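Engineer: I would like to see how this sequence folds:
(one chain, ligands or ions: 3)
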Amino acid sequence: MSARNNTCIVGLTWGDEAKGKIVDILSAEHDLCVRYNGGNNAGHTVAFEGETYKLHLVPSGLFHPNVTCVIGGGLVVDPKVLLEEIANYEGAATGLRGRLLVSSRAHTIWPWHKKLEALSEKYLGKGKIGTTLRGIGPAYGDKANRVTAIRMGRFLAPHDLEQAVRQIVETKNRIFTGVFGEEPLEADAVWDEYAAYGQQLAPMIADTTAYLHEALAAGKRILFEGAQGTLLDIDHGTYPYVTSSSASAAGVWPGTGVPAREIGRILGVVKAYTTRVGEGPFPTELTGDIGSQIREQGNEYGTTTGRPRRCGWLDTFAIRYAAQVNGLDDIVITLLDVLSGLPDLRICTGYRLDGRRLEAFPACPGALAEAEPLLEDMEPWSDDITGVRKFDDLPEAAKAYVNRVEELVGAPVRIISVGPDRQQTIFRE
Ligand code: GDP
Ligand code: IMO
Ligand code: MG
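Structural biologist: Numbering: from 1, shown residues only. Ligands and ions are numbered 1, 2, ... in the order given. Below you'll find the predicted structure:
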């Protein structure tokens, strides 16, 4: 068994770095594709042969018939969404049901999670996080709270689960009626619906930790797929404007039961610029014309919620921090084509706060909101690069941009994406 066989693909910023595209491509060189965090807040896009697929829960390696897909214990799974996704894609993903495993340790999302989150975000008003409203935060909250949480494996003992669900509905209804003055949830209706989901999912529920260790012992190659990105990580991200899971490579261990030393290579994905959805500080954000031009050229509208994404210059100061936290080996730059034709091009090399250049990426949202990005002018280019397949064939200005990213972040750029399709990729091994 060699750890070098196993790869982790992780977002280095605030998500949507085109991880899905890279996971799909690299799955061809792996035997298993394993999601380790998050839930259907994620929206990962895979495009090939003229079709585009948007995935929320099923690992993005699903279109490779020899790849086993695993949903690890670190996820929160909305059973309804998972079943819909399987039904949507089992035509294109040959034999999917027979090669998809869901960890019995994964947690589950129920109607009370979504209802509570909608109320919480509504009452927070301007202080909201701007979540995807998929029930992610409340489900992870229950996981930490323990007594009101339900793990996937409990669907295998429906009678016991029914009792637990009825008790939890009663507890949650006290909050809905007593605190918010809302209608209670109907325990019968919830149970009938979810018991049916559980029955359909039961054949796929397994002890995936044991399964993954067997795979490691057999020398199988595992690709770990991160959702969201390092700056949305619950511990290392721009708290409190983060998601509720370990979205950096640090999530692999708790999220799968595979120890960190088994990961041979950590590949961090960034766009050629930076985007963010939802609230929270974003030092390099461009609120004017260039920001709008990037949004239109990059079609920067959320894969999960359709919300317009906030766009800004590439922030290598934040990425350098993310590289440290992840123990990054290599960088993947995506959407480089979107920068073609911009009138100006800049790159952020650091932050200034209170007249001083910061040594380290700030931990506190106040400091991040106040930080002024230090921007370096880069030479723009106008050529369409979507057909380029070799690094040497890129315009000189684009090559200089990529080389500058390597210098500033301190890691090599191994893969460059110049369009959504699998084929639109440059390898620099
Ligand atoms: P993920 O969440 O990290 O998997 O990323 P998303 O799928 O949410 O967002 C990435 C978007 O960019 C998707 O619409 C992709 O189809 C698209 N995309 C991926 N790579 C490229 C690229 O190199 N160029 C362009 N123009 N679009 C890309
Ligand atoms: P992928 O995997 C971009 C953001 C939300 C919000 C914050 C918390 O496609 O990169 P949550 O619903 O998780 O409690 O929302 O995190 N967010 C994402 N932003 N890409 C994602 O996933 C995201 N998942 C959550 O917009 O700001
Ligand atoms: Mg996405």
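Engineer: In a strand, residue 45, correct?
Structural biologist: Yes. Judged by DSSP: H, G, I helix; E, B strand; the rest coil, residue 45 forms part of a strand.
Engineer: Let me see the contact set for it.
Structural biologist: Applying C-beta atoms under 8 Å, 6 or more residues apart in numbering to residue 45 gives the contacts 18, 20-21, 52-55, 303, 420. Bear in mind the C-beta positions are built from the backbone N, C-alpha and C, glycine included.
Engineer: Tell me the bridge partners for it.
Structural biologist: In this structure, residue 45 bridges to residue 54 when assessed by DSSP bridges.
Engineer: Turn the buried ones among the contacts of residue 45 into a named ChimeraX selection, would you?
Structural biologist: The ChimeraX selection below is limited to those of the contacts of residue 45 classed as buried (16 or more other C-beta atoms under 10 Å):
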select :18,20,21,53,54,55,303,420
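Engineer: Please go through the contacts of residue 45 and note which also touch ligand 1.
Structural biologist: When contact is defined as C-beta under 6 Å from any ligand atom, those meet ligand 1 at 18, 20-21, 303, 420.
Engineer: Now do the residue of the stretch 51-200 of the chain found nearest ligand 3 against residue 195, distance only.
Structural biologist: Closest to ligand 3 within the stretch 51-200 of the chain is residue 54: 8.5 Å, counting by C-beta to the ion. For residue 54, the distance to residue 195 (C-beta to C-beta, to the nearest Å) stands at 28 Å.
Engineer: Next up, the contacts around the residue of the stretch 51-200 of the chain closest to ligand 3.
Structural biologist: Residue 54 sits next to 43-45, 303 when contact means C-beta under 8 Å, 6+ apart.
Engineer: now, which of those sits nearest ligand 2?
Structural biologist: Checking these against ligand 2 by C-beta to the nearest ligand atom gives residue 43 as the nearest, at 4.4 Å.
Engineer: Excluding chain neighbours, what is closest to the closest one?
Structural biologist: Excluding the flanking residues, the one nearest residue 43 by C-beta to C-beta, 6 or more residues apart in numbering is residue 303, at 2.8 Å.
Engineer: Same question for residue 173.
Structural biologist: Spatially, and ignoring its direct neighbours in sequence, residue 173 is nearest to residue 184 (3.9 Å; C-beta to C-beta, 6+ apart).
Engineer: so what's that neighbour scoring on pLDDT?
Structural biologist: Among the per-residue scores, residue 184 holds a pLDDT of 98.
Engineer: again, but for residue 231
Structural biologist: For residue 231, the pLDDT comes out at 98.
Engineer: just checking, it touches residue 322?
Structural biologist: Yes. Here residue 231 reaches residue 322: they are 6.5 Å apart, a contact under C-beta atoms under 8 Å.
Engineer: Among these two, which residue is more densely surrounded?
Structural biologist: Neighbour totals were compared for residue 231 and residue 322, and residue 231 leads with 30 against 26 (other C-beta atoms under 10 Å).
Engineer: what's the distance between the more buried one and ligand 1?
Structural biologist: As for residue 231, its distance to ligand 1 is 13 Å (criterion: C-beta to the nearest ligand atom, to the nearest Å).
Engineer: Residue 232 too?
Structural biologist: To ligand 1, residue 232 is 11 Å away according to C-beta to the nearest ligand atom.
Engineer: same deal with residue 423?
Structural biologist: From residue 423 to ligand 1 the distance is 11 Å (C-beta to the nearest ligand atom).
Engineer: which neighbours do residue 231 and residue 322 share?
Structural biologist: Residues touching both residue 231 and residue 322 (C-beta under 8 Å, 6+ apart): 12-13.
Engineer: In the stretch 251-400 of the chain, mark out all the helices, start to finish.
Structural biologist: 252-256, 289-297, 316-326, 365-370, 396-409 (DSSP state H, counting those that start in this stretch).
Engineer: Tabulate those helices in a markdown table, adding columns for mean pLDDT.
Structural biologist: Output for the helices of the stretch 251-400 of the chain, formatted as a markdown table (pLDDT from 0 to 100):
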| stretch | mean pLDDT |
| --- | --- |
| helix 252-256 | 98 |
| helix 289-297 | 97 |
| helix 316-326 | 98 |
| helix 365-370 | 95 |
| helix 396-409 | 98 |
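Engineer: Just tell me which of those helices ends up closest to residue 235.
Structural biologist: Across the helices of the stretch 251-400 of the chain, residue 235 has its closest neighbour in helix 316-326 (9.0 Å, C-beta to C-beta).
Engineer: want to try TSV for the helices of the stretch 251-400 of the chain, with distance to ligand 2 as columns?
Structural biologist: Formatted as TSV, the helices of the stretch 251-400 of the chain follow (distance: least, C-beta to the nearest ligand atom, whole Å):
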stretch	distance to ligand 2
helix 252-256	13
helix 289-297	14
helix 316-326	13
helix 365-370	13
helix 396-409	19
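Engineer: Quick check: which of the ones you listed is nearest to ligand 1?
Structural biologist: Proximity to ligand 1, assessed across those by C-beta to the nearest ligand atom, is greatest for helix 289-297 (7.5 Å).
Engineer: outside of that closest one, which residues touch it?
Structural biologist: Helix 289-297 is contacted from outside by 273, 285-286, 300-301, 308-312, 338-344, using C-beta under 8 Å, 6+ apart.
Engineer: which ones among the residues you listed come in contact with ligand 1?
Structural biologist: residue 338.
Engineer: Could you tell me which of the contacts of helix 289-297 count as buried?
Structural biologist: Listed as buried from those are 273, 285-286, 300, 309-312, 338-340, 342; burial here means 16+ other C-beta under 10 Å.
Engineer: could you give me the average pLDDT of stretch 194-210?
Structural biologist: 98.
Engineer: Where does the residue lying closest to residue 44 once chain neighbours are set aside sit: helix, strand or coil?
Structural biologist: Closest residue to residue 44 apart from its sequence neighbours, by C-beta to C-beta, 6+ apart: residue 20 at 2.9 Å. Of the three states, residue 20 takes helix under three-state DSSP.
Engineer: Distance of residue 165 relative to ligand 2?
Structural biologist: Distance, residue 165 to ligand 2, by C-beta to the nearest ligand atom: 23 Å.
Engineer: Report the contact partners of that residue.
Structural biologist: Shown in contact with residue 165 (C-beta under 8 Å, 6+ apart): 110, 150, 187, 190-191, 194.
Engineer: Quick one: name the residues of the stretch 101-250 of the chain near ligand 2.
Structural biologist: Neighbours of ligand 2 within the stretch 101-250 of the chain, by C-beta under 6 Å from any ligand atom: 129-132, 134, 136-137, 227-229, 232, 243-244.
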